[in-house]
Structure formats: structure tokens, C-alpha cells
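Chemist: what follows is a predicted protein model with its sequence.
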Amino acid sequence: MDDRTNTIFGWALAAAGTALGLSIAGGMLFHGERPEKMGYAIEGVEETGGGGAAEVPIASLLGAADPAKGAEVFKKCAACHTINQGGANGIGPNLYHTMGEGVGQGKGGFAFSDALKSVGGVWDFEKMNAWLTSPRKFANGTKMTFAGLGNAEDRANLIVYLNQQGSNLPLPAAPAAGAPTDPAVANVTEATKGDTADLANTGTPASGAPSVDPAASEDKALGAVPPAKP
């Protein structure tokens, strides 16, 4: 092998060594480890670590709920439901004295769907919260056309308002951690998110059926009174 060949081979070997060294150094400086917090969201990539905040049990919200605000939320329901004592059934049943009543029962012979009647039990606070969150998930096959209330505070306010209309059940204590969940409630999740002002009832009021108690039509709070201080 002559001197010229040796020189070329030496330069080639030196270049290869330099490239390898640069590659190792670059890997140390610019490693591809995933950052703890992504700088921006990438579609299809889920963040690792802890999930979102756990949903607050409805029983924890009822004590501070405002029935007057619930009366305002009820306006979303008034296209299909009356709530005054002795009020007429419309597209949906009259809702006076609903809390504590059997699910899919009573209401002057209203024709409840088989899906709702099959749930069983009574309208307690957990079941009502699940129903208001997503009627279709609570009773798959229900005739209810309302999408649901995505805001937990709106649901709590509405539930205490409903409870004041002829039921007046004692409010439940906040559940202990790990308490079992009613099977009728377990299938329901936060199906709708955000401001419930974007949700509307698509039903049409029944002809001649008042939406609310006529005697309370001038009362902005629909006769609601705040809960007694504990």
C-alpha cells in the first residue's frame, strides 16, 4: 500500500471518528425524552400522569345550592313540564312531588317509557342528578328529548328547587370516600360540558298546559325560598 493510499485511508478513518463523536455529543445535548408538561396540545397524544379532577359528588353541592337559581334553570324544562300542584301533564309529566316518588311511576297515569320504568327505585338525589346529567345514559331508550345539564351547580340548584315542590326530603350528607355507587347511576358521566345556556329543550309545550303555577307567574323565583341555615 503506497503513501497516497495510506493518507486517504487515514483521512477517511478520522472523518468517521469525528462523525461518531459528534453524533454521541449531539445525543447527549439534544435527547428525545418526553417533557413533563407538553408545551402545546397535540391531537391524539394523551398526557401521562394524573388524570383530571374527580367529579364532586352532588351531595357535596346540595347544601350550598340555591333553589331560586334552580327556578331559573327550570325554565329550560318548562316547555314540556308543569310543576304546580295539580298541574297538567304535557309532553312530560307534571313534576310536583317528584323527589322520593318511584321512577317511571305515578303522575296521573303518564305514559312513561319502558326504559325509564325499568330503572326501578325512587327519585333520590343521586338518581335525579344522573338523570339531569344525561337522560339517555340514565335510561337508554327514554322519550326525553333534553340533552342534559353539563354544569353540576345548575343541577344542584335545580334539584333543591324540585325538592321544595311538594317533597321536602332532607338533604343527604356528603358521601364517604369509596362509598358504593347506585348501579342506575354508575353508567352516567359528564356527557355535556360547559355553560348549560347552550342546551335547550326541543319539545313543544302541550296545548293549554301552563308551564308553571299561574299563581307564581309574577314571582321571579317561582315561589322558591332559600334553605334554612344549618
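Modeler: Looks like it came in fine.

Chemist: could you give the number of residues near Asp124?
Modeler: Neighbourhood size, Asp124 [other Cβ atoms under 10 Å]: 16. (C-beta placed from N, C-alpha, C; glycine too.)

Chemist: how far away is it from Ala111?
Modeler: Using Cβ to Cβ, to the nearest Å, we find Asp124 at a distance of 23 Å from Ala111.

Chemist: Ser167 too?
Modeler: As judged by Cβ to Cβ, Ser167 and Ala111 stand 23 Å apart.

Chemist: quick one, helices of the protein?
Modeler: Under the criterion DSSP state H, helices of the chain are mapped to 3-29, 59-62, 67-74, 114-117, 125-133, 135-138, 152-164, 183-186.

Chemist: so where is the protein shaky, pLDDT-wise?
Modeler: Residues of the chain meeting the criterion pLDDT under 70: 1-6, 9-10, 14, 16-17, 19-22, 25-54, 177-230.

Chemist: what do you get if the cut-off is 80, keeping everything else the same?
Modeler: Under the criterion pLDDT under 80, the flagged ranges of the chain are 1-55, 175-230.

Chemist: against Leu95, how distant is the nearest residue to Gly108 once chain neighbours are set aside?
Modeler: Spatial nearest neighbour of Gly108, excluding adjacent residues (Cβ to Cβ, 6 or more residues apart in numbering): Asn89 at 5.9 Å. Remark: distance between Asn89 and Leu95 (Cβ to Cβ) = 10 Å.

Chemist: next: Phe110.
Modeler: Applying Cβ to Cβ, the value for Phe110 to Leu95 is 11 Å.

Chemist: neighbour count winner among these two?
Modeler: Leu95 (24 against 13).

Chemist: chain neighbours aside, what residue packs nearest to the more buried one?
Modeler: Spatial nearest neighbour of Leu95, excluding adjacent residues (Cβ to Cβ, 6+ apart): Ile83 at 4.7 Å.

Chemist: do the same with Val73
Modeler: Val73's closest residue in space is Leu158 (Cβ to Cβ, 6+ apart), at 4.5 Å.

Chemist: how about that neighbour, what does it touch?
Modeler: Contact partners of Leu158, counting by Cβ atoms under 8 Å, 6 or more residues apart in numbering, are Gly70, Val73, Phe74, Leu132, Leu149.

Chemist: now those residues: which count as buried?
Modeler: Burial by neighbour count, judged by 16 or more other Cβ atoms under 10 Å, picks out Gly70, Val73, Phe74, Leu132, Leu149 from those.

Chemist: tell me which of those residues is nearest to Gly141?
Modeler: Using Cβ to Cβ, Leu132 comes nearest to Gly141 of the buried ones among the contacts of Leu158, at 17.7 Å.

Chemist: the closest one and Asn151, how far apart?
Modeler: Distance, Leu132 to Asn151, using Cβ to Cβ: 10 Å.

Chemist: ditto for Trp11
Modeler: For Trp11, the distance to Asn151 - Cβ to Cβ - is 72 Å.

Chemist: the residue nearest to Gly108 contacts Gly106, doesn't it?
Modeler: No. Between Asn89 and Gly106 there is no contact, the gap being 10.8 Å when judged by Cβ atoms under 8 Å.

Chemist: these two - which one has more neighbours?
Modeler: Neighbours per residue (other Cβ under 10 Å) separate Asn89 from Gly106, with Asn89 holding more: 18 against 14.
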